[in-house]
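Visitor: Quick one, structure for this:
(chains A and B)
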Amino acid sequence: MQVLSNQIVGVGVALLGLGCTSPRTSFDTSNVDSASETGIDGTQCVNTFEPTQLPDQQITEFGTEIPTLESVLPDKLSETELYVDIVQDEIHPAVRLFKPQYELWSDGEGKRRWVYIPECEKIDSSNMNDWSFPVGTRFFKEFSVGNKKVETRYIERLGPGEREFVYVSYLWNEQQTEAFKVSPEGMPNVLGTDHDIPSWKQCVECHGTAEQGGGRPSRGLGFSAIMLSEVTEGISLQELVEMDALSDDPEVPVSIPGDQINRDALGYMHVNCGPCHNQSKDGLPMYDLNLWLDVGTATPEDSNAWKTTVGVDTQVFKDQHVLGRVVPGNPMASAIYYRMIHRDDAAQMPPLATSQVDEEGTSAVSAWIESLP
Amino acid sequence: MNLFLVLLGCKDPATLDSAVEPVEDPVDEEIPESFEVTGQIVDDEGAPIENANVMVGGRPETLVLTDANGNFSLWYTNIYKGEPAIVASKLGYRAKGYEFFKPDTPISMSLREVKAPDNPDYTFQNPGTGYDEMEENCSHCHTDFVRDFWTSKHSEAASNPLLHDLYNGVTRLATTVEECEAFGGAWQIGVEPGTDGNPIYKCHVEHGVLSDLNPICAESEQACDDPNLDEGVEPTAFGGCADCHAPGINGQLMDRNLHDAIGLAYDAGVHCDTCHKVKDIDMTKPAGYGSRLVVHRPGEPGRNIFEWDPVYYGPIIDVPNVAMAASPQDKFNQSVFCAGCHEHEQPALVPETTLDTEKWPEGLPIQSTYSEWESGPFNNPDTPCQWCHMPSYVDKTNAVDIATVENQSITFGFPRPVEDVRQHIFRSPFEGEPRLIDTAVHLSIQTDIVGDELAVSTSVANVGCGHAIPTGEPMRAMYVLIDVETDCGEPVLQSGSIVDEIGGRLASGVVGESILRSDNVLQWTLPDSLDFDAVTLKVLRSTGDYQDYTGIGYFAESERTLEEKGMPNYTLVGQTAVIQVADGLAMNEAIELQEGDKLFLVSTSAILEDGMPSQGLVGRTGQSFAKVLVDAEGTLQVPHYKATDILRDNRIPPGSNLVLPHTFQLGEGCTTGTVTATMLYRPHPMNLSQQYGWDAQDFVIAQTNVSW
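Guide: Predicted coordinates for the structure are as follows:
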């Protein structure tokens, strides 16, 4: 998939026809053999990585088979171009580290994330709440337990359609020298840890559509304006703006409103709950609960979370402890908090990908509820 | 080339190379990227069709409706993939596609009407196995759908052994004449289910649909399911079982004998061609295939290999494949489609029994799953039954397994949004990981200790179902059990509910009626088969008052009195081990009995485990949840064909909870303890399991505990 130097002209001509310009310089690939280069006329643009090609039908002795989208991705993580040297943990310079300012709780596991955005394309940010990533965009998320890498997840946008994304997972070996693509069923308790690799079905329960369980149209949940607005590590919203990577720059300051108590709770719920509980077309149907923080929200009281929870009765979840979605001053009577501290029963939230309560995150939400007038 | 394959629009695998090569220029070069398409849609006699759907295949945003003259105009944008087509359709007509068109040239398409009436001479088509690609059936193109179907309960609807046990009144506990006589049954010839009258010996018991509804054969020397019944004593009342369980019986619909389900009708139950011959849902009619499910089998002569001109009703409006001849019916996307059978009212079926027509003016609501959904928080177009029970595929964009974006066409169909490609698994309570039923119930406990009194409050909530739990077949029940363990011995229940007779028992009786007492001995006629090892006698006494609950349907109406809600309170007067003596049962510990006390023999409590054999739960601290059907004699939890009334319906509606208060007297010196609440699900009652020889199992679907 990597574009070699002797292929650049031909590919560049094709890209020229699509109106490409020079690659953004912020993705510095100068020290890599296969880095993108400016074309012979100085105006061509070449992406470092080409999008993975959609599969064709295959004629086999058993008849016609349609390869799944996932099957066209490499069997080994080292072949995904995330790394220059997987053994030495040397990440390809065209792939950028990012870390959202609030993270999805994953039972305390260590996580690293990277993104590759085709240099010749822009993120369609005309809707600042739902960026549309260019075809060929790749997200990687690595999970580690202690010092042991256990899984790396890979999302790639393969086509312009809203569902033309592919989701696979790679399981690391004990030697930590390679990771291998996991079957669609996923895998529990890998490498002797409590870490479960999700099934492909579970991937789309968060990254998919309303029919599949809930999601956002962008699919890349942690790589958003809000989450990159104030970061301490990796690529930031400001950097994306400076790189001219967005089709539309933010028209208003992008931040989480309020004091630290509000910010911590709204930010936490935005990334841990908002990907399903939102009012986008891909949000969980039926419920009017909305925990997604829209860009431009000026005050905590204006936030979706505030407006759809504070003093609002629950729609489906009833329990003797619970008096509403959020009951000011009373976390235990608030369904939001009550469900966050439950595991392994029908009250658990989020309903998948976690088996331990996030003490820090629930404390932030509890403190917010306590602080409400 | 296989003629069938060609007609179906699918290519013979031997020649598939040419069909699947990348299409370099699938559209005429002179067709511009974007232009207006106009035209007219007419019927096969040339009359314009108003309100027909017209769209670019696979592009719902282009959909328009024809005007009164059948004219339409839409904007076409070429996507340069496959063979784009204009598709026209309307309910009652066979959809058609138009693949070759040019700008500025109006097109005309005629749709063949599916003419009334329903054709009883039609033969339902076989779904296929889902594994043989050469099969000339649904499976040929819809391989995954058919594989899904065969994993579903719908495929077992006509062959379910429990259904036939009830229908024929047959117990599987006795497999020889001696066993049958010992059981009190009659070893008689009956028909082997699914066969064309193959006679076999079976052990017929006292009750069954055929014998209870047809006294004329029940009183004869032969069993009512004897395939060679004497003339004049054949059953004529069939309980409507086949109307939902065996829709695939060819010929005249409704009021058919379940034994007419042979071959495909038996093997495949509610299969592809039965559902996709449903033209409409008419909620003014009784449940059943050919009644509320309005069936329209084609009567126009077919061509080539088709005996009848095909038509398949379905949810998609742009299916132009000639072999599908699709006719779009949006109700396939809606909960109301399921109401065709999963909402069921019935009259009194047993001769000489009646319903209270003031109480049940529409008939006895045997199944109310649809109305439970309709009156609950899941009543939303985005969360119909199909949302949970026919979940969308993760990686499938077309109902045809060999279809791709590149070969989209009239033949292969078009890429579709995820909600249009649903798994045909009809997901049942125990399917999936986690099991669907394990996401239904949330239990919570609050405790408070004042002095030596422990107050326990248990909340039982339906948090995951769009309908009540349990739902569907009214034989199903659930039980929440409250157990308290302390370091100071077993606490004594002071107040709060106990599980009533719905909890199941090995035997039961009423003092002064079926049980007489002489000192410490109970004169009680019990089954010979009863094993008295590890058996406990429990004595329940009515308190004279009734419990309140939210309820379903009639029982949820605000004007209902507690008595009308029908759930009396009981106290556990005592419990003791018993031994069999010459003249009855002797209680190990004396219990002061009164006239009217209800006595139950239950197995001594065992550890609650998922899938354990059902045990009598009567008298345990907790509560049962069920729609309790009764017959004319007042027998509880009868099969629905016998029912003449509903005693109560305290099942848990969607989005609601019930809080159960209990108090316990603690022993002296208590410092620690644990309260555990467990929710059990029981698919069918113990008494029916005992009668018909079914595996009686209880399943743990929720559990929680609190310690102090």
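Visitor: Tell me the buried residues in stretch B:413-428?
Guide: Across stretch B:413-428, burial judged by 16 or more other Cβ atoms under 10 Å in any protein chain shown covers B:413-416, B:418-428. The way it works is simple: take the backbone N, C-alpha and C, and place the C-beta from them, glycine included.
Visitor: out of those residues, which touch chain A?
Guide: B:P415, B:V418, B:E419 (Cβ under 8 Å from any Cβ of the partner chain).
Visitor: Check the burial of the residue nearest to A:G311 when sequence neighbours are not counted by counting its neighbours.
Guide: Nearest non-adjacent residue to A:G311, counting by Cβ to Cβ, 6 or more residues apart in numbering or on different chains: A:G324, 6.5 Å away. Other residues near A:G324 come to 17 when the count uses other Cβ atoms under 10 Å in any protein chain shown.
Visitor: Could you do B:D583 as well?
Guide: 10.
Visitor: try the one 10 residues further on
Guide: Counted by other Cβ under 10 Å, the residues lying close to B:L593 total 18.
Visitor: List the contacts of it.
Guide: B:L593 makes contacts with B:V511, B:R517, B:V539, B:V573, B:L599, as judged by Cβ atoms under 8 Å, 6 or more residues apart in numbering or on different chains.
Visitor: Next, give phi and psi for the first one.
Guide: B:V511 adopts backbone torsions of phi -60, psi 130, taken as degrees, to the nearest 10.
Visitor: That one contacts B:F600, doesn't it?
Guide: No. With contact defined as Cβ atoms under 8 Å, B:V511 does not reach B:F600; the gap is 11.8 Å.
Visitor: Give me the more crowded residue out of these two.
Guide: For B:V511 versus B:F600, neighbours defined as other Cβ under 10 Å are more numerous around B:F600 (23 against 19).
Visitor: Help me see whether the host helix or strand of B:L63 makes contact with chain A, please.
Guide: Using DSSP states H and E, the element containing B:L63 is strand B:59-65. No. Shown here: strand B:59-65 not in contact with chain A (Cβ under 8 Å from any Cβ), separated by at least 12.1 Å.
Visitor: what does stretch B:443-454 give?
Guide: Yes. Contact of stretch B:443-454 with chain A (Cβ under 8 Å from any Cβ) involves B:L443, B:S444, B:Q446.
Visitor: Below-threshold pLDDT in the chain: ranges please.
Guide: Since you didn't name a chain, this refers to chain A. Within chain A, the segments meeting pLDDT under 70 span A:1-43, A:54-69.
Visitor: The chain in question should be chain B.
Guide: Across chain B, the ranges flagged by pLDDT under 70 are B:1-31, B:101, B:133-135.
Visitor: which residue is nearest the middle of it?
Guide: B:G472 (5.2 Å; Cα atoms, centre = their mean).
Visitor: Is the closest residue to chain A within the stretch 401-550 of chain B bridged to anything, and to what?
Guide: Residue nearest to chain A within the stretch 401-550 of chain B: B:S459 (3.9 Å; Cβ to the nearest Cβ). Listed by DSSP bridges, the beta-bridge partners for B:S459 are B:S444, B:V659.
Visitor: Can you show me the CA trace of the longest strand seen in chain B as CSV?
Guide: Using DSSP state E to define each element, chain B has its longest strand at strand B:568-581. Output of strand B:568-581 as CSV, limited to C-alpha atoms (Å, rounded to 0.1, in the frame of the first residue of the first chain):
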residue,chain,number,x,y,z
PRO,B,568,-54.1,-12.5,47.3
ASN,B,569,-51.5,-12.2,50.1
TYR,B,570,-50.4,-15.3,51.9
THR,B,571,-48.4,-16.0,55.0
LEU,B,572,-46.3,-19.1,55.5
VAL,B,573,-47.9,-20.7,58.5
GLY,B,574,-45.2,-23.3,58.8
GLN,B,575,-43.1,-25.8,57.0
THR,B,576,-41.9,-29.2,58.0
ALA,B,577,-40.5,-32.5,56.6
VAL,B,578,-43.0,-35.3,56.2
ILE,B,579,-42.9,-39.1,56.1
GLN,B,580,-45.3,-41.4,54.4
VAL,B,581,-47.4,-43.5,56.9
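Visitor: what lines up beside that strand in the sheet?
Guide: Paired strands of strand B:568-581, with direction, are strand B:535-546 (antiparallel), strand B:584-587 (antiparallel) (DSSP bridges).
Visitor: Take these and lay them out in JSON lines including mean neighbour count and distance to B:V311.
Guide: Listed next are these as JSON lines, based on neighbours: other Cβ atoms under 10 Å in any protein chain shown; distance: least, Cβ to Cβ, whole Å:
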{"stretch": "strand B:535-546", "mean neighbour count": "17", "distance to B:V311": "54"}
{"stretch": "strand B:584-587", "mean neighbour count": "19", "distance to B:V311": "66"}
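Visitor: separation between the nearest residue in space to A:S255 that is not next to it in sequence and chain B?
Guide: Distances taken as Cβ to Cβ, 6+ apart put A:S229 closest to A:S255, at 5.6 Å, once the chain neighbours are dropped. Going from A:S229 to chain B by Cβ to the nearest Cβ, to the nearest Å gives 31 Å.
Visitor: start to end distance for stretch B:115-129?
Guide: One end of stretch B:115-129 sits 31 Å from the other (Cα to Cα, to the nearest Å).
Visitor: what's next to it, contact-wise?
Guide: Outside stretch B:115-129, the residues touching it (Cβ under 8 Å, 6+ apart) are B:135, B:137-140, B:146, B:149-150, B:248, B:250-253, B:264-265, B:268, B:271-274, B:277, B:290, B:295-300, B:307-308.
Visitor: hmm, try it at 7 Å
Guide: Applying Cβ atoms under 7 Å, 6 or more residues apart in numbering or on different chains, the external contacts of stretch B:115-129 come out as B:135, B:137-140, B:146, B:149, B:248, B:250-252, B:264, B:268, B:271-274, B:295-300, B:308.
Visitor: got a list of what the residue of chain A found nearest chain B touches?
Guide: Using Cβ to the nearest Cβ, A:P285 is the residue of chain A that sits closest to chain B, at 3.3 Å. A:P285 makes contacts with A:A210, B:N380, B:D382, B:T383, as judged by Cβ under 7 Å, 6+ apart.
Visitor: which residue packs closest to it, ignoring adjacent ones?
Guide: The spatially closest residue to A:P285, leaving aside those adjacent along the chain, is B:D382, at 3.3 Å (Cβ to Cβ, 6+ apart).
Visitor: before we move on, what about B:T676?
Guide: B:N705 (4.1 Å).
Visitor: Tell me if I'm right that that neighbour and B:T678 touch.
Guide: No. In this structure, B:N705 is not within contact of B:T678 by Cβ atoms under 7 Å, at 9.0 Å.
Visitor: how near is B:G509 to B:G619?
Guide: Distance of B:G509 to B:G619, given as Cβ to Cβ, to the nearest Å: 14 Å.
Visitor: For these two, work out which one has more neighbours and name it.
Guide: Counted by other Cβ under 10 Å, B:G509 and B:G619 do not tie: B:G619 has more neighbours, with 28 against 20.
Visitor: and that one, which of the three is it?
Guide: Secondary structure, DSSP: H, G, I helix; E, B strand; the rest coil: B:G619 is coil.
Visitor: And it, its phi and psi?
Guide: In terms of degrees, to the nearest 10, the main-chain angles of B:G619 are phi 90, psi -10.
Visitor: what's near enough to touch it?
Guide: By Cβ under 7 Å, 6+ apart, the neighbours of B:G619 are B:I498, B:V499, B:K538, B:L540, B:L572, B:Q575, B:F600.
Visitor: burial count for the second one?
Guide: I take that to be B:V499. Burial measure for B:V499: 26 neighbouring residues, criterion other Cβ under 10 Å.
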